[in-house]
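Visitor: Let's see this in three dimensions:
(2 chains)
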Amino acid sequence: MTVDALIRWFQSWTASGGNITFLLILSVILLALPVFLIMAVNALVAVYAERKLSAFMQDRVGPMGQGPGFHAGKWGIFQTVADAIKLLLKEDIIPEAADRKLFILAPYVMFLGAFIALAAVPFNQKLLVADMNIGIFYIVAVGSLSVLGILLAGWASNNKWSLYGAMRSAAQIVSYEIPAALSIIAVILLTGTLSMQGIVQSQAGVIWGFLPNWAVFNNPFTFLAFFIYFISSVAEVNRTPFDIPEAESELVAGFHTEYSGLRWAFFFLSEYANMLVVSAVAVVVFLGGWQSPIAGVMTSAWWGLFWFLGKVTIVILIMIWFRWTFPRLRVDQLMNVCWKVLLPIALLNIFGTGLWSLFIG
Amino acid sequence: MGVIHNDEMVLNIGPQHPSTHGVLRLKVKTDGEIVSDIQPVIGYLHRCFEKHCENLPYEQIIPFVDRCDYIASMNNGFGYVTTVEELMGIQVPERVEYIRIIMAELNRIASHLLALGTFGLDVGAFTPFLYMFRDRERILDLFEITCGARLLYNYMWIGGLSHDLPVGFVESAYEFLDYFEPQLKEYHDLLAYNKIFIERTGDVGVLPPEVAVSYGVTGPNLRGSGVKWDLRKNEPYSIYDRFEFDVPVGEGEMGTVGDCWDRYWVRALEMAQSVKIVRQALDQLPNDGNVHESLPKKVRPPKGSIYQRTETPRGDLGFYIISDGSNVPLRVKMRSPAFTALSVLNEIASGWMLSDILVILGSLDIVLGEIDR
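Guide: As a prediction, the model looks like this:
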């Protein structure tokens, strides 16, 4: 469902065609709402999963209090809802020495990046807001908006910890975007399209006799590219072992040290939304998007949604697993990994993929 | 082309900061991420320990001693009461000696678990910290059934103990040791042999042996630098000469001798040695003997002074006690191992990055309660 299609559908209701400006605004809002809902639900579920999983990994029980039931509740499944309500009701503190305007603006800038990136994510054969012919390029481009928000937050807070976090994060996200984008290019060489749906459609069928024809299985180079992308995307969303912008034991809370209440919640929301976006890109580009793992079986649109969400969930769970297992890298080591390891491999990968598709594939 | 001027920024770490291990304040001069100078500011936990001692009877000082190094209260109390006993010439029964060793070594394991766990936290690993706390909890349970307290025990008394071991303690202790020994491997897999952990700690914050000795650094920090010095071996007090155990030293396995990894590793190996000592002590523990037998009616040491030191999980803990013959000491001076460990921080940590400072600080395993006293 795209904006164009929605406007045409509205116009088909009335003989005159209606007011085009009004219809445009209406359609955009109608499509933006579900995207926002997806973000909100994603944050609620992912935070709950993160807390519960980390608890299980650490020999704890995790949140148990909030849930359906009169007394103790069950497994605390409403914990994140309670958290969200608490955050809404908290006092909103803006430090006196902060740059007020930028301080207020920052969470929304970060939120915006994740929000508009989701518009190009195909949840199944039909469910996406805008099927652009440059979809993947668009996502990579607007994905970098989050770094702007982090920089704004770090600078506007007028706090040395925030500034450290922001500077680290700017360097980190900008660096890791390069290997991430280069590893995506390796796949685009094979698919020949930048459209998200096009990339997914090109991964239909079977390869090597039994494996699904996903890009990750296509050839050794794309297999490697998947891991480069995955590592880079973990770094891009600032999660352990690359969580140096908000390294708790060093920088207190990094760029959002001074934030509280709803503004802090927005940072949190966009952080988890960013996680969803990079996982969705990993799934679309490397893991066949909404394609069924067994070619030709269970291919309806509902199953497509199921496969897509299932794969995204697995990728997110792996990120959560990373976070609760690894220590944190240092800033310079982080940069070394990016510029001296991932980037050269990603470059060679493009070359290798090109040769492969010329001579073998 | 103009010259780029780098401004130095003074960064204030603490006193409220997630990884200052209590309330320590570090005034840090930074140039970007590089730290050029570190000035620890202490005293936020100052509780007038030594002044209190001048106004309290000997036996009432024990709870204060417990509160100095609250992570290893048993060891602190052990050091204090043996010093006073030495001054008074009290010989405690065999059973008391053994129970003291068991408690001190169990507390050493608990203390090292906390040190390694929070060190992991400083490096960014959250899960090992909770695993170690889970196991530390079982040691605290053992202490709880013995004396009712989990952190500040007041268990070692001058000339004896507050309580005898409860029924079933020996079995529970054996059970714990059997459970705990295999756990060590899990910690090693999670932290010590983790590639990222090695990257963060190997070759970082190297404390050369000569520097360590000249600053008076003791305990695992000194042994991490490759100096084989352990009072339990070199100047055996109590009945430590009856047990068989090794003194692990840093060998620079993952970098240079005396780096953060070595200090971590020495503590990890020491836990295994403590398990060994506790096992031997439990095996040899005499069944008869009254722990209140040699408690003096009145603690009035003869006129004189004494300095005695013991090996706590943090190093040489010394007590200098001057007695004027009354029941209140004239002066008690505590030589704190954590204080000397902190004093070496600027020497070994300046020139490293901001993230390393906190890792090096964590590897020194300081307890602010003992530094400020």
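
Visitor: Tell me how many other residues surround the one residue in chain A that gets nearest to chain B.
Guide: Taking CB to the nearest CB as the measure, chain A has residue A:328 as its residue closest to chain B, at 2.7 Å. Bear in mind the C-beta positions are built from the backbone N, C-alpha and C, glycine included. By the criterion of other CB atoms under 10 Å in any protein chain shown, residue A:328 has 26 neighbours.

Visitor: quick one, what contacts it?
Guide: A:240-244, A:247, B:123-125, B:196, B:200, B:355 (CB atoms under 8 Å, 6 or more residues apart in numbering or on different chains).

Visitor: just residue B:161 next, same as before
Guide: Here residue B:161 is in contact with B:96, B:99-100, B:155, B:291-292 (criterion: CB under 8 Å, 6+ apart).

Visitor: What of residue A:41?
Guide: So residue A:41 contacts nothing (CB under 8 Å, 6+ apart).

Visitor: measure it to residue A:317 for me?
Guide: 16 Å (CB to CB, to the nearest Å).

Visitor: Which pLDDT value belongs to the residue of chain A closest to chain B?
Guide: Looking at residue A:328, its pLDDT reads 84.

Visitor: hey, where'd the strands end up in the chain?
Guide: With no chain named, the answer covers chain A. All strands of chain A, identified by DSSP state E, fall at A:206-207, A:211-212.

Visitor: Oops, wrong one, chain B.
Guide: Using DSSP E, the strands of chain B run over residues B:9-13, B:25-31, B:34-41, B:156-157, B:160-161, B:304-312, B:315-323, B:331-335.

Visitor: Show me which residues of the stretch 151-300 of chain B are close to chain A?
Guide: For the stretch 151-300 of chain B, the contact set with chain A under CB under 8 Å from any CB of the partner chain comprises B:190-191, B:194, B:196-197, B:199-200.

Visitor: buried set for stretch B:41-51?
Guide: Under the neighbour-count criterion of 16 or more other CB atoms under 10 Å in any protein chain shown, stretch B:41-51 has B:42, B:44-45, B:49 buried.

Visitor: pLDDT of it, averaged?
Guide: Average pLDDT, stretch B:41-51: 87.

Visitor: Point out the most buried one among the strands of chain B.
Guide: Among the strands of chain B, strand B:156-157 has the highest mean neighbour count (mean count of other CB atoms under 10 Å in any protein chain shown), at a mean of 26.

Visitor: mind checking how far the residue of chain A closest to chain B is from residue B:264?
Guide: 16 Å.

Visitor: same deal with residue A:217?
Guide: 41 Å.

Visitor: When those two are compared, which one has more neighbours?
Guide: residue B:264 (30 against 20).

Visitor: any idea of the pLDDT on residue A:2?
Guide: Reported pLDDT for residue A:2: 67.

Visitor: Over to residue A:18?
Guide: Note for residue A:18: predicted pLDDT of 66.

Visitor: Over to the one 4 residues further on?
Guide: Predicted confidence (pLDDT) for residue A:22: 78.

Visitor: Burial check on it, number of neighbours?
Guide: Quick note: residue A:22 (other CB under 10 Å) scores 10 neighbours.

Visitor: Can you select the buried ones from the contacts of residue A:328 in PyMOL?
Guide: The buried residues among the contacts of residue A:328 can be selected in PyMOL (16+ other CB under 10 Å) with this line:
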select buried, (chain A and resi 240+241+242+243+244+247) or (chain B and resi 123+124+125+196+200+355)
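
Visitor: Now the closest residue to residue A:204 other than its chain neighbours. Its backbone dihedrals?
Guide: Computed as CB to CB, 6 or more residues apart in numbering or on different chains, the closest residue to residue A:204 that is not its neighbour in sequence is residue A:291, at 5.8 Å. With angles defined as degrees, to the nearest 10, residue A:291 sits at phi -70, psi 140.

Visitor: residue of chain B with the smallest distance to chain A?
Guide: For chain B, CB to the nearest CB, closest residue to chain A: residue B:124, 2.7 Å.

Visitor: And that residue, what's its pLDDT?
Guide: At residue B:124, the pLDDT value in this model is 82.

Visitor: Distance of it relative to residue A:323?
Guide: With CB to CB as the criterion, residue B:124 and residue A:323 are 10 Å apart.

Visitor: Any regions of chain B where pLDDT drops low?
Guide: Residue ranges of chain B with pLDDT under 70: B:1-6.

Visitor: Number of residues surrounding the nearest residue to residue A:292 once chain neighbours are set aside?
Guide: Nearest residue to residue A:292 in three dimensions, chain neighbours excluded: residue A:298, at 5.0 Å (CB to CB, 6+ apart). Other residues within reach of residue A:298, judged by other CB under 10 Å, total 12.

Visitor: And the one 10 residues further on, by the same measure?
Guide: Other residues lying near residue A:308 total 25 when counted by other CB under 10 Å.

Visitor: can you check the one 10 residues further on too?
Guide: The criterion is other CB under 10 Å. On that basis, residue A:318 has 14 neighbouring residues.

Visitor: re earlier: which residues does the residue nearest to residue A:204 contact?
Guide: A:200, A:203-204, A:212, A:214, A:299, A:304, A:307.

Visitor: Only the buried subset of the residues you listed, as a PyMOL command please.
Guide: Command for PyMOL that selects the buried part of those, burial taken from 16+ other CB under 10 Å:
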select buried, chain A and resi 200+203+204+212+214+304+307
